[in-house]
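In: make a model of this:
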Amino acid sequence: MKHCVFLLAQGHLPSALSSEIVRIGAEPRALEEGGAIIAYSATVDEAALALLRGTPSVARVLEGPTPHPLAARRSLGTRAVDVSIGPELVRLGGEQPVVIAGPCAVESEAQLEACARAIAALGGRFLRGGAYKPRTSPYAFAGEGERALELLRVVADRHRLAVVTEVLDPRDAERVARFADVLQIGARTMSDFALLRAVAAVGKPVLLKRAPSATLEEWLLSAEHLLHAGARDVVLCERGVRGFDPAARNLLDLAAVPLLRQRTDLPIFVDPSHGTGVRKAVLPMAAAAVAAGADGVLVECHPDAGVARSDGPQALPLAALPRLFGLVQGISALVRPSLDAAAE
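Out: Numbering: from 1, shown residues only. Okay, the predicted model is just below:
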């Protein structure tokens, strides 16, 4: 007998499960995603396992005990996330990699306007910026709060951009969701389960960063918490793990991208700004991330990084953004066909 999880094919409801599955006597246990049953867990013999694989209403059978069935890979493709920008849908995890850019922290409308104008001019569609900042020191700038959220929304709408910003406190989830299009869970709060549940409940796409000491399995289990609590769209973001060399802020684990591809079909982004903490390393590592198969990159930029109130040493000058966008698009055109072929 083997334990397995079988996932429903897209568009199929539990009632569509064939009589053959009922007949095998597996007594499947339903796994829920926001009240919608999309997966079943069961212990079956080899004959029943073969039957499950051949049933049209079953998309995929995962053998062995899987701790994260909702985050597990369901198909060869990526589980794309569509973000609404007005009447338009922009896709994360689609055919083209996406650049999400903006300042570490929102400081002023002029600062944010300069970043948004530069991003939009290059065809970018996402503006990131921190309104609530988790800081190691209690004396460091921790963001402007709701005023920053208002600025993000006003400036993003002006340039037809989507807003990506972090939620720190479960009590702020609904407030942030009123202004943001994608809610970010930061590295420090990846395993704050109350926060994960609160963010999942608001129904917006979630960008989940990896904690600096988290294994891939622990990271995927955090994604599982989000999906189990009702989040429909989750994007993973690698931002470096704790290393031993002070030459870089973190050790950017680009091997995580192909390794995750074997386990999940959630979109995978890479943050080379926090991953290195060194401005001159951001562009090369962004290019390397796309070459490794990432669906996009998350970078920090600033019109005058020398006076930035947060993470200035890793922020790209706005003049470097054309090169960043060019590298992402150029590397993708070179490697995507080969990576897609290798996955088939």
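In: with just CA atoms, put stretch 56-65 into PDB.
Out: Only the C-alpha atoms of stretch 56-65 are listed here, as PDB (Å, rounded to 0.1, in the frame of the first residue of the first chain):
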ATOM      1  CA  PRO A  56      -9.800  12.200 -16.400                       C
ATOM      2  CA  SER A  57     -10.800  14.200 -13.300                       C
ATOM      3  CA  VAL A  58      -7.400  13.600 -11.700                       C
ATOM      4  CA  ALA A  59      -4.700  16.000 -12.900                       C
ATOM      5  CA  ARG A  60      -1.800  14.500 -11.000                       C
ATOM      6  CA  VAL A  61      -1.000  11.800  -8.500                       C
ATOM      7  CA  LEU A  62       1.800  12.500  -6.000                       C
ATOM      8  CA  GLU A  63       3.200   9.300  -4.500                       C
ATOM      9  CA  GLY A  64       4.500   9.200  -0.900                       C
ATOM     10  CA  PRO A  65       3.600  11.500   1.900                       C
END
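In: check the gap between Arg242 and Pro284 for me.
Out: Distance, Arg242 to Pro284, using C-beta to C-beta, to the nearest Å: 21 Å. Any C-beta I mention is one placed from the backbone N, CA and C, and that applies to glycine too.
In: what's the neighbour count on His68?
Out: 20 (other C-beta atoms under 10 Å).
In: pretty sure it sits against Glu218.
Out: No - in this structure His68 lies outside contact range of Glu218 using C-beta atoms under 8 Å: 10.1 Å.
In: mind giving me the packing neighbours of the helix or strand hosting Leu236?
Out: Taking DSSP states H and E as the criterion, Leu236 maps to strand 234-238. Helices and strands in packing contact with strand 234-238 are listed as strand 206-209, helix 216-228, helix 256-261, strand 268-270; criterion 3 or more C-beta pairs under 8 Å, 6 or more residues apart in numbering; DSSP states H and E.
In: can you give me the mean pLDDT across the third one?
Out: Averaging pLDDT along helix 256-261 yields 96.
In: mind giving me the domain split of this protein?
Out: By the assignment in automatic domain parsing, the chain contains the domains 2-63, 81-343.
In: returning to what we had before: redo the helices and strands packed on strand 234-238 as TSV? Include distance to Glu88 and mean neighbour count.
Out: What follows is these, written out as TSV (distance: least, C-beta to C-beta, whole Å; neighbours: other C-beta atoms under 10 Å):
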stretch	distance to Glu88	mean neighbour count
strand 206-209	19	26
helix 216-228	25	21
helix 256-261	28	19
strand 268-270	20	27
